[in-house]
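>>> structure of the sequence below:
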Amino acid sequence: MLDEDAISRIDERLDAAREARRIYSAVGSLSESDRALFEFVALDGLSISDAARALGVKPATARVRLHRARARVTAHLRGPDTPACVDILEVLS
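Model (predicted):
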């Protein structure tokens with residue numbers, strides 16, 4: 001028998017796993033180069049300039065590509081039941 005706290009923790013873990021799959025799918029929909037840029041900035045914490053240097057592109061190019069990649073990830077994550085006012089990028093920052 002599980003108590004309410006244990007059931008609540010299980011529900012939270014299931015919800016987190018479901019959300020993680022959605023995020024992996026959204027990031028996986030990016031091109032390889034855009035995904036690398038996105039991951040350098042969002043996951044590794046590199047600055048845009050450092051990520052640009054690692055990828056061999058100009059910082060301005062990286063900024064534009066990152067902006068577009070974030071927009072594509074947000075669009076992918078927004079489902080029909082997600083209100084337009086919800087900023088999913090806050091989750092990814």
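
>>> if I pick Leu66, what's in contact with it?
With contact taken as CB atoms under 8 Å, 6 or more residues apart in numbering, Leu66 is in contact with 37-38, 41, 48, 51. Bear in mind the C-beta positions are built from the backbone N, C-alpha and C, glycine included.

>>> report pLDDT for it.
For Leu66, the pLDDT comes out at 95.

>>> and if you look at Arg35?
As summarised for this prediction, Arg35 has a pLDDT of 94.

>>> quick check: closest non-adjacent residue to it.
Val27 (6.0 Å; CB to CB, 6 or more residues apart in numbering).

>>> burial of the one you found, as a residue count?
Val27: 20 surrounding residues under other CB atoms under 10 Å.

>>> Leu77 too?
A count of nearby residues for Leu77, using other CB under 10 Å, gives 19.

>>> what's the distance between it and Asp5?
Per CB to CB, to the nearest Å, Leu77 is found 30 Å from Asp5.

>>> hey, which helix is longest across this protein?
In the chain, assigned by DSSP state H, the helix with the most residues is helix 4-28.

>>> who's in contact with that helix?
For helix 4-28, contacts defined as CB under 8 Å, 6+ apart pick out 2, 35, 38-39, 72-73, 76-77, 91-92.

>>> got those residues as a markdown table, with secondary structure and distance to Arg63 columns?
Listed next are the contacts of helix 4-28 as a markdown table, based on DSSP: H, G, I helix; E, B strand; the rest coil; distance: CB to CB, whole Å:
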| residue | secondary structure | distance to Arg63 |
| --- | --- | --- |
| Leu2 | coil | 49 |
| Arg35 | helix | 16 |
| Phe38 | helix | 12 |
| Glu39 | helix | 16 |
| Arg72 | helix | 15 |
| Val73 | helix | 16 |
| His76 | helix | 21 |
| Leu77 | helix | 21 |
| Val91 | helix | 21 |
| Leu92 | helix | 16 |
